[in-house]
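Student: With the sequence up front, the predicted model follows.
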There are 2 protein chains.
Amino acid sequence: MSRVSEESGTAAKETTTERIPAALRREQILAAASRVFGERGYSGATTDQVAQAAGISQPYVVRMFGTKENLFLEVVARALDKLMTTFREILAEPRPAGDDDADSLVSRLGAGYVDLIDDRGILLSLMQAFITGHDPVIGAKAREGFLQIYRMLRDEAGFTPETIRDFLANGMLFNTLLAIRLPDIFEDDEAAEELMRCAFRGKLDVVLDASGAKWTHS
Amino acid sequence: MSRVSEESGTAAKETTTERIPAALRREQILAAASRVFGERGYSGATTDQVAQAAGISQPYVVRMFGTKENLFLEVVARALDKLMTTFREILAEPRPAGDDDADSLVSRLGAGYVDLIDDRGILLSLMQAFITGHDPVIGAKAREGFLQIYRMLRDEAGFTPETIRDFLANGMLFNTLLAIRLPDIFEDDEAAEELMRCAFRGKLDVVLDASGAKWTHS
DNA sequence: GTCTATATTTAGATAGAC
DNA sequence: GTCTATCTAAATATAGAC
């Protein structure tokens, strides 16, 4: 990842405009798109913003993915894939002795979810896709993605519908708190702090680490 | 409410283009805007879509509110207000005998929240505002709105942070399920049905009543 | 109070050079 | 593999008539 920091408050952007293998460039664009779409949503983001974040020209972004919609769908598919993979890895972990109850599994999956904040675009892009449910194409994928997660938690994790509901609910709250950037006003507002401490529990440090100037881009 | 149904699958739109008091017209536009913004988000919605939903011309919408952003902010402020008022009314209700625990209050507030689905725009517009947290103006209002709800639940309902977290989490899940239009594929997918039954509990009928062709607009 | 016409800007996409 | 130039289609906003 050859990124460079720029003027204060600005985000990571590519500077080098060298010739790079298409596959790699593709990844760079997807990474940039994930961040931009995650912040601004499908309609709110522009292909030019993605291009700038990736350090290339706008036409090249379109050229590479055909359409903005394609790009977004790919971003969302990747995000979903990453989430599913993360969960499956946790499910595959050998369970700590005497720790075979659903509760501890929920905790571990929850922790895995929070850790995904490292790549902010993942959770937010997914959330943006969900909120774009009205769109015929994106909405269909969003629905299917959500249900895929549900089925995994039920069929692979073995959770009851109630457990899944609570788990998903916490996830959606987490996404929402990220979206409204609560971590940013952590110190300014006592209610914000109280809610964050409660919602993020032991993971507050992870969340705060991932926030701040690090993602105050564009 | 002088609406007319149109071709199958299309939404309610005003037809009459009569002269109407500005104050009333204002309300009509806000109602239309609430639906359109709720479905498509701030960036995804156009003032023209709002105008069509309200049965007037696009320039008139802008004329009335100055800017699209203003209109959205007003929609969100109204939605927040409606939510707060609904909750406060429930808090003011005489508690059923032997029913003075937090649990039952949570249930009643939850039921009140679900009932807001009657006016789909309310919950979805708020959610759209939350997801637009990156925007300097809208984001600030969204944050403040979210915290306002938190404080009410804490200071007026007397809930613990944990209770509030769970309550808010369920609310965010509810919003998300609405956004991805899960009620629409209720019958098509067994996982969707299972999740809905579990998430909406006794309120499934209310939710289903409010969905379907009724809000398949634009 | 409401519309039509239109100016202006932005953004997605295409063409074609290097 | 990547860019510059540019076409075209929206969409917000303004002007001014009725």
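Tutor: The structure has been received and is ready for your questions.
Student: Which positions in the lowest-mean-pLDDT helix or strand in chain A come out as buried?
Tutor: None of the helices or strands of chain A scores lower by mean pLDDT, DSSP states H and E than helix A:204-210, at a mean of 91. Residues of helix A:204-210 classed as buried under the neighbour-count rule (16 or more other C-beta atoms under 10 Å in any protein chain shown) are A:204, A:207, A:210. Heads up, the C-betas are built off the backbone N, CA and C, glycines and all.
Student: In JSON lines, list the residues you listed along with distance to DNA strand C.
Tutor: Shown next, in JSON lines, are the buried residues of helix A:204-210 (distance: C-beta to the nearest atom of the strand, whole Å):
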{"residue": "A:204", "distance to DNA strand C": "35"}
{"residue": "A:207", "distance to DNA strand C": "30"}
{"residue": "A:210", "distance to DNA strand C": "27"}
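Student: just the helices in chain A please.
Tutor: A:22-44, A:47-54, A:58-65, A:68-92, A:102-115, A:120-131, A:136-151, A:161-179, A:190-200, A:204-210 (DSSP state H).
Student: Just list the residues touching whatever residue of chain A ends up closest to DNA strand D, thanks.
Tutor: Residue nearest to DNA strand D within chain A (C-beta to the nearest atom of the strand): residue A:22, separated by 3.0 Å. Contacts for residue A:22 were tallied using C-beta atoms under 8 Å, 6 or more residues apart in numbering or on different chains; they are residue A:64.
Student: re the thing from before, any idea which of the helices of chain A is most buried?
Tutor: Mean neighbours per residue, mean count of other C-beta atoms under 10 Å in any protein chain shown, is largest over the helices of chain A for helix A:120-131, with a mean of 26.
Student: Show me where chain A dips below the pLDDT cut-off.
Tutor: The model of chain A has pLDDT under 70 over residues A:1-16, A:212-218.
Student: residues touching the residue lying farthest from the centre of chain A, list them.
Tutor: Relative to the C-alpha centroid of chain A, counting by C-alpha atoms, centre = their mean, residue A:98 is the outermost residue, at 32.4 Å. Residue A:98 sits next to no residue when contact means C-beta under 8 Å, 6+ apart.
Student: roughly how far apart are it and chain B?
Tutor: For residue A:98, the distance to chain B equals 26 Å [C-beta to the nearest C-beta, to the nearest Å].
Student: Then residue A:182?
Tutor: In terms of C-beta to the nearest C-beta, residue A:182 sits 7 Å off from chain B.
Student: Wait, that residue touches residue A:192, no?
Tutor: Yes - the criterion here is C-beta atoms under 8 Å, and residue A:182 meets it with residue A:192 at 5.5 Å.
Student: Pull up the residues of chain A that are close to DNA strand D.
Tutor: Chain A comes close to DNA strand D at residues A:17-23, A:25, A:55-60, A:63, as judged by C-beta under 7 Å from any atom of the strand.
Student: quick one: which of the helices of chain A is nearest residue B:171?
Tutor: Of all the helices of chain A, helix A:161-179 sits nearest to residue B:171, with 8.1 Å by C-beta to C-beta.
Student: contact partners of stretch A:118-130?
Tutor: A:31, A:33-39, A:41-42, A:72, A:75-76, A:79-80, A:82-83, A:113, A:116-117, A:138, A:141-142, A:145-146, A:172, A:174-176, A:178-179, A:210, A:215, B:131, B:176, B:179-180.
Student: How about the contacts made by residue A:108?
Tutor: Residue A:108 neighbours (C-beta under 8 Å, 6+ apart): A:90, A:93.
Student: at 10 Å instead, please
Tutor: Applying C-beta atoms under 10 Å, 6 or more residues apart in numbering or on different chains, we find residue A:108 in contact with A:87, A:90, A:91, A:93, A:95, A:96, A:99.
Student: do residue A:185 as well
Tutor: A:191, A:192, A:193, A:196, B:140, B:143, B:144, B:147.
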